[in-house]
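> Here is the input, now give the coordinates:
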Amino acid sequence: GRPRWRAGAELPPVGERLQSPYDPEMHYSTKRQMEWSGYKVHVTETCDDDAAHLITHVKTCPAMEQDMTSTAEIHACLAAKGLLPSEHYVDSAYIDAALLVSSRQDHGISLEGPVRGVSSWQARTGQGYDLPNFVIDWEREQVTCPQGKVSATWRVARREDGSPRINAVFSRTDCGACAVRELCTPAKEARRAVYFHTRQEYEALNAARSRMHDPTWKERYHTRAGVEGTLSQGVRVFGMRRSRYIGLLKTGLQEVCSAAAMNVLRVVHWLDGWPRTKTRVTRFAALAP
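Numbering: from 1, shown residues only. Below you'll find the predicted structure:
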């Protein structure tokens, strides 16, 4: 037949798709309203109030890789350089329950950032019994529902990525006779099942969700906004948005050189006593109470 453009569903996965004949290693990606073909760079910097803010690590990876897959490698590289922080402020894309636990166990790092909320229909609608309404007895491997019924089974399942999850299921007898069953499940014949992380991850995730509502933590987390200024400086002054070279390794070298140049500039300004520039507030925004 006649040549035609392929529909989106007919295209191969992004990781297997040849995006450019000039650079086979570059890939397409999208984030919010931004689309690009190329690579992705992760920047880590210090944020002490009494010292210059210096970039301690730069990681360049294929554009389609999720941010979360880079967190553990960044920590390992910082450990190898003796530059591990006691607290690491990240955005929600770099954090999950497993990373909360492994960062603490492997490197003694407190991974600080907003975690995703519960995605069940009860949480979305604000109605019904969600997982926090159930009581988990880790020693007996039982879950008690808000009506006092105990789960009939408890088993460890594996997700596609191999990570463990616990699946506790209640009996049909208890769920079928329950007067408020619709608060658990809208299906007439179904029984309630709850699916959650293993104990360490579950407790770390709940602790992270709790501190998100703490005003003191929110004030501390504002520190992470500084890296947005670093990315802006890298893009506007040092050309980090455009790769001058072909291939992942050469592009990564370019980003490292840009970070080194930024560090030199920051050290010079720090030694000269230049104050840090604060976030610019537009005249219109300044009118707000």
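> Domain map for this protein?
Recorded structural domains for the chain (assignment: the TED database) are 20-116+206-287, 121-198.
> Need those domains in JSON lines (columns: mean neighbour count).
All C-beta atoms are positioned from the backbone trio N, CA, C, and that covers glycine. Shown next, in JSON lines, are the domains of the chain (neighbours: other C-beta atoms under 10 Å):
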{"stretch": "domain 20-116+206-287", "mean neighbour count": "15"}
{"stretch": "domain 121-198", "mean neighbour count": "14"}
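> what ranges do the helices span in the stretch 51-200 of the chain?
71-80, 97-107, 121-125, 172-176, 199-211 (DSSP state H, counting those that start in this stretch).
> nearest to L287, of those?
helix 199-211 (33.0 Å; C-beta to C-beta).
> Now do the closest one against helix 97-107, angle only.
Relative orientation of helix 199-211 and helix 97-107, computed by axes from the mean of the first three to the mean of the last three C-alpha atoms, to 10 degrees: 100 degrees.
> Output the domains of the chain as TSV; include the columns mean pLDDT.
Below are these laid out as TSV (pLDDT from 0 to 100):
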stretch	mean pLDDT
domain 20-116+206-287	93
domain 121-198	88
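> Other residues contacting stretch 217-230?
Defining contact as C-beta atoms under 8 Å, 6 or more residues apart in numbering, one finds that stretch 217-230 is touched by 43-45, 47, 53, 55, 89-91, 112-114, 211-212, 262, 277, 279.
> if I pick F238, what's in contact with it?
258, 261-262.
> how near is it to P13?
From F238 over to P13 the distance is 33 Å, taken as C-beta to C-beta, to the nearest Å.
> With distance to T223 as extra columns, can I get the helices of the stretch 51-200 of the chain in JSON lines?
Converted to JSON lines, the helices of the stretch 51-200 of the chain look like this (distance: least, C-beta to C-beta, whole Å):
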{"stretch": "helix 71-80", "distance to T223": "17"}
{"stretch": "helix 97-107", "distance to T223": "17"}
{"stretch": "helix 121-125", "distance to T223": "29"}
{"stretch": "helix 172-176", "distance to T223": "47"}
{"stretch": "helix 199-211", "distance to T223": "15"}
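> and of those, who's closest to G234?
The nearest among the helices of the stretch 51-200 of the chain, by C-beta to C-beta, is helix 71-80 at 16.7 Å.
> check contacts around G117.
So G117 contacts 123, 209 (C-beta under 8 Å, 6+ apart).
> Need the pLDDT of it.
Here, the pLDDT recorded for G117 equals 76.
> Could you check how far it is from C257?
Counting by C-beta to C-beta, the gap from G117 to C257 is 40 Å.
> Output the longest strand belonging to this protein.
strand 34-45 (DSSP state E).
> Please name every helix or strand in contact with that strand.
Applying 3 or more C-beta pairs under 8 Å, 6 or more residues apart in numbering; DSSP states H and E, one finds that strand 34-45 contacts strand 27-31, strand 55-62, helix 71-80, helix 225-236, helix 248-271.
> now the angle from that strand to helix 225-236?
120 degrees.
> orientation of strand 34-45 relative to strand 27-31 in degrees?
Following the same axes, to 10 degrees, one obtains 80 degrees for the angle between strand 34-45 and strand 27-31.
> Partner strands of strand 34-45, with direction?
strand 27-31 (antiparallel), strand 55-62 (antiparallel) (DSSP bridges).
> For those strands, could you give me JSON lines that also reports distance to Q147?
What follows is the strands paired with strand 34-45, written out as JSON lines (distance: least, C-beta to C-beta, whole Å):
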{"stretch": "strand 27-31", "distance to Q147": "43"}
{"stretch": "strand 55-62", "distance to Q147": "48"}
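> Alright, calling it a day.
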